[in-house]
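K.L.:
Sequence below, structure please.
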Amino acid sequence: MTDPYWNHNVHHHTAVLGAVRDGRALTALDVGCGDGLLTRKLAARAASVTGVDRSPDMIRLAREYPHVPRNVTYLEADYLTDESLPEGGYDFVSAVAVVHHAPFEEAVTRLARLTAPGGRLVIVGMAANRSALDWAVSACGVPVSLLYARLNGGKKGPVGMPTEDVHMSWREIREASRRLLPGCDWRRTLLWRYVVEWDKPVPRGAGREGGS
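P.N.:
Numbering: from 1, shown residues only. Got it, this is the predicted structure:
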């Protein structure tokens, strides 16, 4: 699939898609789906995909896309509170540039609860530079970003995408992620993002049908 535009979040879609276990999932949830670009990509790797976003403008753009796969459903809702999203109901949950729009612990805890036992959660997020090392690593990303932007026709995105400032530092987010998601894989990328992968444990003595 050729992306209609490129930006730092779209660049990390590859990492999200690559985290789908065995390349397939039964049910997937794309939180903060925006115009639905990642949701449509996930449709090739899951039996059913739900894209959820609290922005009516973004959900409208997603639904108006001319070729929405049949196994995709878009829902205008707040993932933090909407009861139509079943806890433990999704084999694969993705959240790209989402968790900084809410208190971090609340957001991550809710995403973990939405993930099915044995399922996988992938978070792509941003953090604030606080140390000299933070600024140095970020500076290394400038030429990389310029190169990718040049190769992809510039940095673009859907008009009207909601934005929010980031307040937590890289260290704070890394430590909180490892506390809230024990055993998670946390890594920082050059394009000013971090990626968290976490497999939700299966309760002892419980079986699991299917898999992601």
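K.L.:
Just the element for V196, please.
P.N.:
strand 193-199 (DSSP states H and E).
K.L.:
which other residues reach that strand?
P.N.:
Among residues not part of strand 193-199, those counted as contacts by Cβ atoms under 8 Å, 6 or more residues apart in numbering are 8-9, 12, 15, 19, 112, 115, 118-127, 170, 173-174, 177, 181, 183-189. Every C-beta, even on glycine, is put in place using the N, C-alpha and C of the backbone.
K.L.:
List buried residues within those residues.
P.N.:
8-9, 12, 15, 19, 112, 115, 118-127, 170, 173-174, 177, 181, 184, 186, 188-189 (16 or more other Cβ atoms under 10 Å).
K.L.:
Narrow these to those in helices?
P.N.:
The subset of those located in helices under the criterion DSSP state H comprises H8, N9, A15, A112, W170, I173, R174, S177.
K.L.:
biggest separation within those, which pair?
P.N.:
Across these, the longest distance by Cβ to Cβ is 24.6 Å; it joins H8 and A112.
K.L.:
For the chain, which segments count as strands?
P.N.:
25-31, 46-53, 72-76, 90-96, 115-125, 185-189, 193-199 (DSSP state E).
K.L.:
Now do L180: how many residues are near it, please.
P.N.:
Using other Cβ atoms under 10 Å, L180 has 17 neighbouring residues.
K.L.:
ok, so what distance separates the residue nearest to it when sequence neighbours are not counted from A102?
P.N.:
Spatial nearest neighbour of L180, chain neighbours left out: V108 (4.8 Å); criterion: Cβ to Cβ, 6 or more residues apart in numbering. Distance, V108 to A102, by Cβ to Cβ, to the nearest Å: 9 Å.
K.L.:
Of these two, which one has the most company?
P.N.:
Counted by other Cβ under 10 Å, V108 and A102 do not tie: V108 has more neighbours, with 25 against 15.
K.L.:
How about the contacts made by the more buried one?
P.N.:
V108 neighbours (Cβ under 8 Å, 6+ apart): V99, I123, A176, S177, L180, L181.
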